[in-house]
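>>> Next input, structure requested:
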Amino acid sequence: MDSDTAVQLLKAQQQVWDHSFAYVKTMAVQFAIELDIPSVVQSHGKPITIGELAAALKIAPARAPFLGRLMRMLAHLGYFVENFKDGDDETAASYSPTEMCGFLVNDNPFNTVSWLLLANDPVLVDPWRSLSAWIRQPTTGGAGEVPFSFAHNGKKLYEVCGEDPRVGKLLGEGTGRDSWLFSKALVAKCGSHFQGLKSIVDVGGNTGTTSKAVAEAFPEIHCTVFDLAQVVSALEPTQPNLSYVAGDMFQKIPPADAVFLKVSFSESYHTQSSHFREDCEMLN
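Numbering: from 1, shown residues only. Purely as a prediction, here's the structure:
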């Protein structure tokens with residue numbers, strides 16, 4: 001084997017290794033969330049050393065080197081900045097938060113903590129682990145046609161959420177917090193698209209974060225948040241031009257001038273449903 005071929009193969013091998021251990025990155029982020037590292041670093045007010053971080057997290061000094069390795073990885077991923085003073089070695093590094101770090105802090109209204117925890121949860125990981133078994137199955141036209149349902153005995157994501165409050169809570173919090181940042185950008189950048197409308201229905205609107213922003217910015221528009229009963233039945237409108245309606249979007253959608261559908265990874269949003277398509281066509 002000549003030297004050029006050996007170098008090319010080594011580069012290819014490096015990529016394979018990167019793919020093999022890609023899950024370590026998401027697990028490191030989950031580890032940081034569970035330890036509350038982002039909140040501690042952000043609230044420290046200045047770059048924090050590993051010793052200070054270990055003390056704040058009540059981690060034994062003997063474990064501090066492992067914490068240092070985790071912080072170096074998180075800095076490499078972009079959540080922190082690794083700071084060195086002249087003459088310091090890598091063990092004396094301190095860490096500052098980046099904008100990405102804010103997405104891991106529970107107190108921030110736009111945080112993605114629930115999304116990240118849900119993404120690593122067996123509920124979403126199991127369908128990926130069963131892809132090879134799913135693709136070898138003969139087509140039936142039933143619920144098992146979707147990998148998620150195949151891994152969960154024919155159940156859709158919203159059905160699993162209804163049976164498992166923990167998963168439903170993570171999904172509800174995740175969509176709500178994602179909608180907070182989205183709604184700010186929507187109203188600021190796309191306000192002209194709402195001109196002339198008297199009513200909209202937010203399909204799968206969860207707790208109504210986006211609808212609340214629209215209703216506040218456009219008091220002449222009545223916003224209806226439409227979602228499953230277990231999601232909206234206990235919610236009360238916070239504005240006169242906002243209401244909550246329970247129902248199944250695959251059966252019937254309340255009439256309105258426009259339908260608002262914020263796409264999520266939720267399988268229910270992507271399911272091809274003739275009823276859903278017909279209702280949308282009727283409202284156009």
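
>>> where's the most centrally placed residue in the chain, which helix or strand?
Nearest to the mean C-alpha position of the chain, by Cα atoms, centre = their mean, lies Trp115 at 3.0 Å. Trp115 belongs to helix 113-119 when assigned by DSSP states H and E.

>>> Which strands and helices lie in contact with whichever helix or strand comes after that helix?
Where DSSP H and E defines the elements, the next helix or strand beyond helix 113-119 is helix 122-129. Applying 3 or more Cβ pairs under 8 Å, 6 or more residues apart in numbering; DSSP states H and E, we find helix 122-129 packed against helix 147-151. To be clear about C-beta, it is placed using only N, CA and C from the backbone, and glycine gets the same treatment.

>>> circling back to that earlier point, so what touches the helix holding Trp115?
With contact meaning Cβ atoms under 8 Å, 6 or more residues apart in numbering, helix 113-119 is reached by 26, 29-30, 33, 103-106, 124, 167, 169-171, 173-174, 177-178.

>>> Among these, name the ones in helices.
26, 29-30, 33, 124, 167, 169-171, 173-174, 177-178 (DSSP state H).

>>> Against Arg166, how distant is Pro122?
11 Å (Cβ to Cβ, to the nearest Å).

>>> How far off centre is the helix holding Trp115?
6 Å (Cα atoms, centre = their mean, to the nearest Å).

>>> Check stretch 177-192 too.
That offset, for stretch 177-192, works out to 16 Å (Cα atoms, centre = their mean).

>>> Which residues belonging to it are considered buried?
Buried residues in stretch 177-192, counted by 16 or more other Cβ atoms under 10 Å: 177-183, 186-187.

>>> how about CSV for the residues you listed, with pLDDT and distance to Val201 added?
Formatted as CSV, the buried residues of stretch 177-192 follow (pLDDT from 0 to 100; distance: Cβ to Cβ, whole Å):
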residue, pLDDT, distance to Val201
Arg177, 79, 22
Asp178, 76, 20
Ser179, 77, 15
Trp180, 77, 20
Leu181, 79, 22
Phe182, 82, 17
Ser183, 85, 16
Leu186, 85, 16
Val187, 86, 18
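
>>> quick one: which of these is nearest Asn241?
Val187 (14.4 Å; Cβ to Cβ).

>>> hang on, the closest one packs against Ala217?
Yes - contact status for Val187 versus Ala217: in contact at 4.6 Å, counting by Cβ atoms under 8 Å.

>>> Give the intersection of the neighbour lists for those two.
Contacts common to Val187 and Ala217, judged by Cβ under 8 Å, 6+ apart, are absent.

>>> Could you check how far Phe66 is from Thr98?
22 Å.

>>> which secondary structure element contains Val259?
strand 258-260.

>>> Each with direction, which strands does that strand pair with?
Within its sheet, and counting by DSSP bridges, strand 258-260 is paired with strand 199-203 (parallel).

>>> Show me the contact partners of stretch 37-55.
Contacts for stretch 37-55 (Cβ under 8 Å, 6+ apart): 32, 56-57, 59-61, 63-64, 67-68, 70-71, 74, 79-80, 83, 91-97, 101-102, 104-107.

>>> roughly how far apart are Phe103 and Met71?
The value you get for Phe103 to Met71, if Cβ to Cβ is used, is 17 Å.

>>> quick one: which of the two has more around it?
Met71 (24 against 19; other Cβ atoms under 10 Å).

>>> so Thr98 touches Phe80, yeah?
Yes - counting by Cβ under 8 Å, Phe80 is a contact partner of Thr98 at 6.2 Å.
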